[in-house]
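A.B. asks: output the structure for:
(one chain, ligands or ions: 1)
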Amino acid sequence: MATPVRGNPPRRDPLADVAAETLGAIRGRGTHRRMRVLEGAQGPRMVVDGREVLLFAGSNYLDLAHHPEVVEAAARAARDHGTAAGGSRLITGNLALHEALEDELAGFLGCEAALVFNTGYMANVGVIPALAGRGDAVISDELNHASIIDGCRLAQADTLVFPHNDLDALADRLAQAERSHRRVLLAVDGVYSMDGDVAPLADMIGLARQHGAMVLLDDAHGTGTLGEEGRGSGELCGVLREVDVHMGTLGKSLGSFGAFVAGSGALRELLVNVARSFIFSCALAPPAIEAARASLRVMTREPWRREQLQARAERLRHGLAERGISTQPSTTHIVPVVLGDNARAMRICEALLDKGFFAQGIRHPSVPEGTARLRITPMASHGEAEIDALIDALADLVSDPSPTAS
Ligand SMILES: Cc1ncc(COP(=O)(O)O)c(C=O)c1O
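C.D. replies: Predicted structure coming up:
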């Protein structure tokens, strides 16, 4: 029999212990994070931690999140349909608005059907386990977004990772998976979110076809910003029709919130029946749906937005290169300046804020150890003079061996 405890046992606080232990380790690695506070409407100029700055850190690339037509569509949706969908899609939340947006997204990408998810993260963790399970293989680029990595973990399929954009290694993994697995899924980002390079999709999809693999393209950053009609990296690379599963987000260039998966009618039916992040979650609210529909219209009729976005990004990359600052391997509107050391990246980020520009410093685990960087994302509505001012400010800081914020 256990001996009874006399008096009060010392109070244990396991929550405080786990927080102290984990946060201590994070601080030790120099990767502790805090959230900045932003004020004002989303746009090229915002108040960040109390200072008005030019914003080069967001994903509202086409500046649609505060466009009058988009705002009015969201406001009208709230007035006419309320602020919530009131349930999951399979119970009371499947509004005619969701179906209309899905038809429009499918039409935009030339697919049979689309299905909206609440975020891109939820789309990836829903779709990957729906397509691959035990006995199957997912082949994944080493720099794929965390939501693909987590989707692979949930899928319980074997994940075969290949070095970034390495076609020989990809061919190797595909051949290996074809021999030893039932079904094979190739999952890649279209535009890499921390490097701004575009996957060599034509070659990758060619290889996937040779080995009978399905292809999932995560085009979170390409949708609306790349390709003649803004259909993304698949359009840019001339393989739009070859992609089995398109994933795009509504919360970045489309200025709203949510995400979608587009492909065949069978894919949509499968996801409605098995994608747990779709089934067990409340549906997107009417204002988000209607904002996305309005953005899709504005984005389609105003190609100048993506053209100007890419022109501004090109000016930024070129201007930095002239000042000896590499933005390799970017060819898009995501422009990295790799600084290497965590502390240096964060020092330059703070000093840049002091000069009136916000470009986020990015550290491990968002990027590999030793490749901390500034991730600069211009918007379509930044002026050329604003880009030039950023180049000047950054060039001064990068050439200074120990920049400090005041
Ligand atoms: C490549 C990629 N996929 C998926 C996501 C997740 O999208 P969301 O922010 O809608 O969850 C992101 C977000 O940054 C991303 O960069």
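A.B. asks: what sits against the closest residue to the ligand within the stretch 101-250 of the chain?
C.D. replies: Closest to the ligand within the stretch 101-250 of the chain is G120: 2.3 Å, counting by CB to the nearest ligand atom. No exception for glycine: its C-beta is placed from N, CA and C like everyone else's. Contacts here follow CB atoms under 8 Å, 6 or more residues apart in numbering; on that basis G120 touches H145, S147, D218, A220, M247, G248, T249, G251, A259.
A.B. asks: right, and the fifth one touches V215 too?
C.D. replies: No. In this structure, M247 sits apart from V215 without contact. The criterion is CB atoms under 8 Å, and the distance is 11.2 Å.
A.B. asks: what sits against S264?
C.D. replies: Taking CB under 8 Å, 6+ apart as the criterion, S264 is in contact with C111, E112, A113, D244.
A.B. asks: try 10 Å
C.D. replies: A106, C111, E112, A113, D244, V245, L270 (CB atoms under 10 Å, 6 or more residues apart in numbering).
A.B. asks: now list the buried members of the residues you listed.
C.D. replies: By neighbour count, with 16 or more other CB atoms under 10 Å, the contacts of S264 hold A106, C111, A113, D244, V245, L270 as buried.
A.B. asks: just the ones of the residues you listed in strands?
C.D. replies: Under the assignment DSSP state E, those contribute A113, V245 to strands.
A.B. asks: I'd like the buried ones among the contacts of S264 as a markdown table, with pLDDT and distance to the ligand appended.
C.D. replies: As requested, the buried ones among the contacts of S264 are arranged in a markdown table below (pLDDT from 0 to 100; distance: CB to the nearest ligand atom, whole Å):
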| residue | pLDDT | distance to the ligand |
| --- | --- | --- |
| A106 | 98 | 19 |
| C111 | 98 | 19 |
| A113 | 98 | 20 |
| D244 | 98 | 17 |
| V245 | 98 | 13 |
| L270 | 98 | 20 |
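A.B. asks: what is the most widely separated pair among the buried ones among the contacts of S264?
C.D. replies: A106 and L270 (15.2 Å; CB to CB).
A.B. asks: pick the one among the contacts of S264 closest to A208.
C.D. replies: Nearest to A208 among the contacts of S264: D244, at 8.8 Å, using CB to CB.
A.B. asks: residues touching that closest one, list them.
C.D. replies: D244 makes contact with 111, 131, 185-186, 205, 208, 213-217, 263-264, 267 under the criterion CB under 10 Å, 6+ apart.
A.B. asks: ok, which stretches of the stretch 301-406 of the chain are helices?
C.D. replies: Under the criterion DSSP state H, counting those that start in this stretch, the stretch 301-406 of the chain contains helices at 304-322, 342-354, 384-399.
A.B. asks: which helices and strands does the shortest one pack with?
C.D. replies: Counting contacts by 3 or more CB pairs under 10 Å, 6 or more residues apart in numbering; DSSP states H and E, the secondary-structure elements packed against helix 342-354 are strand 51-55, strand 335-340, strand 357-358, strand 360-362, strand 372-376, helix 384-399.
A.B. asks: mind listing what's buried in that helix?
C.D. replies: N342, R344, A345, M346, R347, I348, C349, E350, A351, L352, L353.
A.B. asks: count of neighbours near the nearest residue to the first one once chain neighbours are set aside?
C.D. replies: Read that as N342. Nearest residue to N342, sequence neighbours excluded (CB to CB, 6 or more residues apart in numbering): G30, at 4.1 Å. Using other CB atoms under 10 Å, G30 has 14 other residues around it.
A.B. asks: do the same with the one 5 residues further on
C.D. replies: Applying other CB under 10 Å, we find 6 residues neighbouring M35.
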